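[1] the amino acid sequence is not available; the structure is as follows:
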């Protein structure tokens with residue numbers, strides 16, 4: 001692991017934004033997600049960061065651009081494992097951003113707003129851990145809601161709803177169906193017992209399912225995949 005204090009570029013105004021990024025690694029074409037963007041560079045969430053100094057050609061899906069933008073970048077630092085400073089990944093510096101995307105990034109940084117995520121279900125130690133995980137992964141505001149009658153009416157303008165199905169499967173499924181029937185339904189991730197395939201199948205008709213016990217990396221990828229699409233659409237409007 002390379003120390004994060006080694007080789008970091010001068011910090012510039014940045015935004016916590018989830019964007020899809022593609023790059024080639026040892027002959028493989030990989031898809032990951034940028035979770036932090038500035039004119040100087042970006043952070044890419046990955047469990048297999050490249051070596052410091054590696055040059056990459058990125059294809060970045062940027063709001064406001066009809067086709068992905070191709071940029072050259074260099075790995076400046078890496079974090080091989082999740083720790084108190086953040087998730088695993090690598091910090092990249094752009095080589096030619098001013099000519100390609102500089103002004104556009106400045107506009108995104110200026111206009112960006114934090115993502116909003118509602119967590120519905122049991123309020124316990126596991127929920128507190130989930131709030132912390134989400135906030136370490138992306139720049140967001142999280143809110144805990146109890147799974148009670150009328151909770152759907154309190155879920156309005158939100159970028160992601162995470163529903164704990166295990167605590168109360170019947171009411172959780174009713175909530176998910178209610179949300180999905182809206183004219184503009186929010187994206188939903190459902191935490192559902194891996195040992196109950198019938199329940200998972202029923203829930204999976206209406207939401208993206210993350211089996212429990214939750215695998216941290218699987219949850220991270222599901223969240224980034226969902227928010228990447230949400231933020232691309234929202235910021236492009």
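    That came in fine, so what should we check first? Bear in mind that the values here come from a model prediction, so they are computed numbers and not experimental data.
[2] now do the buried residues in the helix or strand residue 36 falls within.
    Element membership for residue 36 (DSSP states H and E) is strand 28-38. Within strand 28-38, the residues that count as buried by 16 or more other Cβ atoms under 10 Å are 32-38. (C-beta placed from N, C-alpha, C; glycine too.)
[3] beta-bridge partners for residue 73, please?
    residue 56, residue 94 (DSSP bridges).
[4] kindly tell me how buried it is, as a neighbour count.
    Residue 73: 24 surrounding residues under other Cβ atoms under 10 Å.
[5] so the most far-flung residue of the chain relative to its centre, which of the three states?
    Using Cα atoms, centre = their mean, the residue of the chain lying farthest from its centre is residue 149. It sits 29.2 Å away. Assigned by DSSP: H, G, I helix; E, B strand; the rest coil, the conformation of residue 149 is coil.
[6] what segments of the chain are strands?
    Remark: strands assigned in the chain by DSSP state E are 14-15, 19-25, 28-38, 41-45, 55-60, 69-79, 89-94, 115-120, 140-145, 160-164, 188-193, 208-212.
[7] same list (those) but as CSV, adding mean pLDDT and distance to residue 107.
    Below are the strands of the chain laid out as CSV (pLDDT from 0 to 100; distance: least, Cβ to Cβ, whole Å):
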stretch, mean pLDDT, distance to residue 107
strand 14-15, 69, 10
strand 19-25, 87, 14
strand 28-38, 88, 12
strand 41-45, 92, 16
strand 55-60, 92, 15
strand 69-79, 92, 14
strand 89-94, 94, 16
strand 115-120, 95, 18
strand 140-145, 94, 21
strand 160-164, 96, 24
strand 188-193, 96, 30
strand 208-212, 95, 31
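[8] possible to save these as a markdown table with distance to residue 228?
    Output for the strands of the chain, formatted as a markdown table (distance: least, Cβ to Cβ, whole Å):
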| stretch | distance to residue 228 |
| --- | --- |
| strand 14-15 | 14 |
| strand 19-25 | 5 |
| strand 28-38 | 5 |
| strand 41-45 | 10 |
| strand 55-60 | 11 |
| strand 69-79 | 15 |
| strand 89-94 | 14 |
| strand 115-120 | 11 |
| strand 140-145 | 13 |
| strand 160-164 | 11 |
| strand 188-193 | 13 |
| strand 208-212 | 13 |
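[9] from the middle of its chain, how far away would the strand holding residue 36 be?
    Mean-position distance between strand 28-38 and its chain equals 11 Å (Cα atoms, centre = their mean, to the nearest Å).
[10] give the other helices and strands that it contacts.
    strand 14-15, strand 19-25, strand 41-45, helix 102-111, helix 216-236 (3 or more Cβ pairs under 8 Å, 6 or more residues apart in numbering; DSSP states H and E).
[11] number of nearby residues for the residue lying closest to residue 79 once chain neighbours are set aside?
    Excluding the flanking residues, the one nearest residue 79 by Cβ to Cβ, 6 or more residues apart in numbering is residue 88, at 5.4 Å. Look at residue 88: counted by other Cβ under 10 Å, it has 19 neighbours.
[12] just how off-centre is stretch 47-57 within its chain?
    That offset, for stretch 47-57, works out to 20 Å (Cα atoms, centre = their mean).
[13] buried sites along that stretch?
    Buried residues in stretch 47-57 (16+ other Cβ under 10 Å): 49-50, 52, 54, 56.
[14] make CSV from the residues you listed and add distance to residue 153 to it.
    Formatted as CSV, the buried residues of stretch 47-57 follow (distance: Cβ to Cβ, whole Å):
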residue, distance to residue 153
49, 43
50, 47
52, 50
54, 50
56, 46
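[15] out of the residues you listed, which is nearest to residue 84?
    Comparing the buried residues of stretch 47-57 against residue 84 with Cβ to Cβ places residue 49 closest, at 17.6 Å.
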